[in-house]
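Undergrad: generate coordinates for the sequence data below:
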Amino acid sequence: MKITFVLPTLGLTGGMRVLSIYTELLQKRGHKIFIVSTPQRQRTLKQQVRSLLKGRGWESAPKKELSHFDKVDVEIRILDTDRPVTDLDVPDADVIMATWWETAEWVDKISPRKGAKVYFLQHYEAFEYVPKGRVEATWRLPMHKIAVAQWLADKARNEYGDLSVSLVPPTVNTKQFYSPKPRSKQSVPTVGLYYSTTPWKGCDLALKAFSIAAKKIPNLRLVAFGSGENPPSYLPLPRGTEYNKAPTQDQLKDYYSKCDAWLFSSRSEGFGLPILEAMACGTPVIGTPAGAAPELLAGGGGILVNPENPEDMARAIEQICQLSDAEWLAMSETALNTVINYTWEDATALFEAALYAAVERQSQLRNNQ
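TA: Numbers count the residues shown, from 1 in each chain. Model (predicted):
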């Protein structure tokens, strides 16, 4: 098949990583992938004037962002300006796929010659900073949906009446995420978290849980990494935290592997790839029921806790830290098995089948007209 992915600005997000992996594996299966994306956004004149008034001067153009597609051998077209993708920007193909709500609006207006229309649901993007009504409208579009998590498939079916939904969960590369040595409990009880000031990531909940648990486990240690920000005064890290504000992708496994448990505290998440990344390193996860956490933790590779409840998360921290070495190792192995029993080849086979289903659906609709 010829397949076009319509993407926003390329970057290092989890969603981009997933799509870059599908691109590589689909091409190995003989499919031809074409990527079209919007350019990196430049600062507007209004933003520059505001910067001058605040004494920061005229800000230079941002550096080119790194992307998970940088090392992928695929044809990419980046638009010259930040505008909707149109027929002129994409080749005729068998499938054209939207990858978030705004690209779904664009794909909806593109000619059927460009392929069967697919909507890849990686989150329900009705955030407070986007027009919720437009997001909701895209979920009603007559496109074949591919959902990364059960809750997204359920939302499409139950709230939007769309019965044409394929569930295709992602996984992680166990050559990138793994424990560099045989796992055992840490000599000093240690938990980890992803540091972010984004409210829906729930870092405040995890830090509160840590502080509660630390009162009962005085030597409890915290490991954290972030995406480049220094912790502000309103969301400080505890004294003694080991923090890397911008680790490389290859360094992440070292942080996961230093922990007896990884804290996943998101209030909202499409899937929650850090759960699988930690599990691939043999680290049990203590998680809120966001994204795919309910399914991923159901097998015993961690503990599912109540949302907005740092006390419950603190109790889970205590529970895991009090496990015997043998009990902890059993949980660690369960976490690892959750990942290794579902590979990227498995996920790609499901993704490929969903694309064929979209093509068949379009063919049936044309025959019925």
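
Undergrad: can you list the domain ranges for this protein.
TA: The chain breaks down by automatic domain parsing into domains covering 2-171+344-368, 190-340.

Undergrad: who wins for proximity to residue 177 among these?
TA: Taking C-beta to C-beta as the measure, these were each checked against residue 177, and domain 190-340 came out nearest at 3.8 Å. In this view, the C-beta of every residue, glycine as well, is placed from N, C-alpha and C.

Undergrad: now for the residue lying closest to residue 125 once chain neighbours are set aside, how many residues are close by?
TA: Spatial nearest neighbour of residue 125, excluding adjacent residues (C-beta to C-beta, 6 or more residues apart in numbering): residue 101 at 4.9 Å. Residue 101 has 24 neighbouring residues, counting by other C-beta atoms under 10 Å.

Undergrad: go on, residue 200?
TA: The number of residues near residue 200, taken as other C-beta under 10 Å, comes to 13.

Undergrad: that one and residue 252: what is the separation?
TA: Counting by C-beta to C-beta, to the nearest Å, the gap between residue 200 and residue 252 amounts to 21 Å.

Undergrad: isn't the residue nearest to residue 125 up against residue 130?
TA: Yes - counting by C-beta atoms under 8 Å, residue 101 sits close enough to residue 130 to count as a contact (7.1 Å).

Undergrad: and the helices in this protein, which stretches?
TA: Applying DSSP state H to the chain gives helices spanning 14-28, 45-53, 101-108, 132-139, 150-158, 203-214, 252-257, 273-280, 293-297, 310-321, 325-340, 344-368.

Undergrad: from residue 344, how far out is residue 28?
TA: Plainly put, residue 28 is 11 Å away from residue 344 if you go by C-beta to C-beta.

Undergrad: other residues contacting stretch 74-86?
TA: Judged by C-beta atoms under 8 Å, 6 or more residues apart in numbering, the contacts made with stretch 74-86 from elsewhere in the structure are 6, 10, 23-24, 27, 33-39, 41, 69, 89, 103, 105-107, 109-110.

Undergrad: list the buried residues for it?
TA: Neighbour-count burial for stretch 74-86, with 16 or more other C-beta atoms under 10 Å as criterion, is recorded at 76, 85.

Undergrad: what's the answer for stretch 362-369, then?
TA: For stretch 362-369, the neighbour count (16+ other C-beta under 10 Å) marks residue 362 as buried.

Undergrad: same check on stretch 262-276?
TA: Residues of stretch 262-276 classed as buried by neighbour count (16+ other C-beta under 10 Å): 262-266, 268-276.

Undergrad: reformat these as a markdown table; add distance to residue 290 and pLDDT.
TA: Output for the buried residues of stretch 262-276, formatted as a markdown table (distance: C-beta to C-beta, whole Å; pLDDT from 0 to 100):
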| residue | distance to residue 290 | pLDDT |
| --- | --- | --- |
| 262 | 14 | 98 |
| 263 | 12 | 98 |
| 264 | 8 | 98 |
| 265 | 8 | 98 |
| 266 | 4 | 97 |
| 268 | 6 | 93 |
| 269 | 4 | 94 |
| 270 | 9 | 95 |
| 271 | 9 | 96 |
| 272 | 6 | 95 |
| 273 | 12 | 94 |
| 274 | 11 | 95 |
| 275 | 10 | 97 |
| 276 | 14 | 97 |
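
Undergrad: and which of those is nearest residue 143?
TA: The shortest gap between residue 143 and any of the buried residues of stretch 262-276 belongs to residue 270, at 17.3 Å (C-beta to C-beta).

Undergrad: Provide a list of residues in contact with that closest one.
TA: With contact taken as C-beta under 8 Å, 6+ apart, residue 270 is in contact with 15, 121, 122, 123, 124, 148, 149, 152, 291.

Undergrad: neighbour-wise, which one of the residues you listed leads?
TA: Using other C-beta under 10 Å as the neighbour test, these are led by residue 121, with 29 neighbours.

Undergrad: one step back: and of the domains of the chain, who's closest to residue 178?
TA: In terms of C-beta to C-beta, the element of these nearest to residue 178 is domain 190-340, at 6.0 Å.

Undergrad: count residues in the vicinity of the residue lying closest to residue 85 once chain neighbours are set aside, would you?
TA: If you skip the residues right next to it in sequence, residue 85 has residue 106 as its closest partner in space, 4.6 Å away by C-beta to C-beta, 6+ apart. Around residue 106 sit 19 other residues, with neighbours defined as other C-beta under 10 Å.

Undergrad: and if you look at residue 242?
TA: A total of 14 residues lie near residue 242 under the criterion other C-beta under 10 Å.

Undergrad: if I look at the closest residue to it other than its chain neighbours, how far off is residue 243?
TA: Take residue 242 and drop its neighbours on the chain: the residue closest to it by C-beta to C-beta, 6+ apart is residue 223, 4.8 Å away. Taking C-beta to C-beta as the criterion, residue 223 is separated from residue 243 by 8 Å.

Undergrad: ok, these two, which is more surrounded?
TA: residue 223 (20 against 15).

Undergrad: got the contact list for the more buried one?
TA: By C-beta under 8 Å, 6+ apart, residue 223 lies in contact with 190, 191, 192, 193, 241, 242, 243, 255, 258, 259.

Undergrad: not counting sequence-adjacent ones, nearest residue to the second one?
TA: Spatial nearest neighbour of residue 191, excluding adjacent residues (C-beta to C-beta, 6+ apart): residue 261 at 4.9 Å.

Undergrad: please name the residues that touch the one you found.
TA: The neighbourhood of residue 261, defined by C-beta under 8 Å, 6+ apart, consists of 191, 192, 283, 284, 285, 286, 302, 316, 317, 320, 321.
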